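In: here are the coordinates; sequence isn't available:
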């Protein structure tokens, strides 16, 4: 093939660079300001805990938007990667607590075991636990993605298979002999880096860590989608067949972003579990994975800031209604979904007007 033809093909494959998005800078600034405010202002612990949980959910929403909004891959199994991070974090907290206090976790005593399972070895060390959580999520994503993407599984079929995967994992976690708490899950975390769990210092530290992690994830993913790799992601979303015909390895591209998205979701799980103090197989229920997609759709798919806005608004509303009117929440969520589908096809960001929505995001649906 001549050099001129190669140049022409490369030029035809180019996708316009995503414009600068001021929303990301605003959200990063808000995260940093909120972190400083939590440290200096010392608000009520329940408010600090709520802010930390919302930040963890926002990270989870960004992880899905990265592959759905920019690659066109709708995963209904991201709860699996979220749970992997959460379970490994819970294992670390219990293993560390066992070393410090000498008391075995409740589920270990219930099973009449004399000690922690062998595969818990080393989990009392936080760096190892962090690497294990991210690495395990990336490995599971790699194996699943390799089979799915090489088999050209796309669209609704990929969504169904990913949801089936998380459901199988939920059934496995309900077994008591897995050494992961069974149907009761894992709870009773005593310490966090020497701080008593539930103390003001631990609660504030977790919330600040979640906010800083959200700021870092937003900044990092924004750089990614604005790079040459990000332009290939958009091209793959819009016309994968054409991109493949031009000589680009679309399978490798999707696999790389898919694994990155899984590890970001695992990070969200790591930050979430210490704040709620428990994890059980319910976190693997398919409805959570579906709800993550609802957050992204409501906020605005194909724009990272929209995923954050959707996750924060929906979950903040859920926190309030769960206490005030718990029976009204399912109906309100259904109404929000209908509103987005019928009136705001690009989510709540449509309310800001077309001028604030990037042109490359308008064709996301």
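Out: All right, it came through fine. These numbers were taken from a predicted model, which means no experiment stands behind them.
In: mind listing the helices for this protein?
Out: With DSSP state H as the criterion, the chain has helices at 3-13, 22-41, 45-71, 78-101, 106-110, 126-150, 155-173, 200-225, 228-245, 250-276, 286-299, 304-324, 329-342.
In: Using TSV, please lay out these together with distance to residue 180, mean pLDDT and mean neighbour count.
Out: No exception for glycine: its C-beta is placed from N, CA and C like everyone else's. Output for those, formatted as TSV (distance: least, C-beta to C-beta, whole Å; pLDDT from 0 to 100; neighbours: other C-beta atoms under 10 Å):
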stretch	distance to residue 180	mean pLDDT	mean neighbour count
helix 3-13	46	40	11
helix 22-41	32	92	16
helix 45-71	20	94	24
helix 78-101	6	92	25
helix 106-110	8	82	15
helix 126-150	13	95	17
helix 155-173	6	92	16
helix 200-225	22	94	20
helix 228-245	35	90	17
helix 250-276	12	95	23
helix 286-299	18	89	22
helix 304-324	26	87	20
helix 329-342	29	79	13
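In: Format the ones you listed as CSV; extra columns: distance to residue 192.
Out: Listed next are the helices of the chain as CSV, based on distance: least, C-beta to C-beta, whole Å:
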stretch, distance to residue 192
helix 3-13, 49
helix 22-41, 16
helix 45-71, 12
helix 78-101, 7
helix 106-110, 18
helix 126-150, 10
helix 155-173, 23
helix 200-225, 5
helix 228-245, 36
helix 250-276, 6
helix 286-299, 24
helix 304-324, 22
helix 329-342, 30
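In: so which of those comes closest to residue 349?
Out: Evaluated with C-beta to C-beta, the helices of the chain place helix 304-324 nearest to residue 349, the distance being 4.8 Å.
In: quick one, that closest one and helix 22-41 angle?
Out: 50 degrees (axes from the mean of the first three to the mean of the last three C-alpha atoms, to 10 degrees).
In: now helix 304-324, how far from the centre of its chain.
Out: 15 Å (C-alpha atoms, centre = their mean, to the nearest Å).
In: hang on, isn't residue 322 packed against residue 332?
Out: No: in terms of C-beta atoms under 8 Å, residue 322 does not count as a neighbour of residue 332; the distance is 11.1 Å.
In: Can you tell me how far the residue positioned nearest the centre of the chain is from residue 243?
Out: Against the mean C-alpha coordinate of the chain, by C-alpha atoms, centre = their mean, the closest residue is residue 60 at 2.1 Å. Using C-beta to C-beta, to the nearest Å, residue 60 is found at 28 Å from residue 243.
In: No further questions, thank you.
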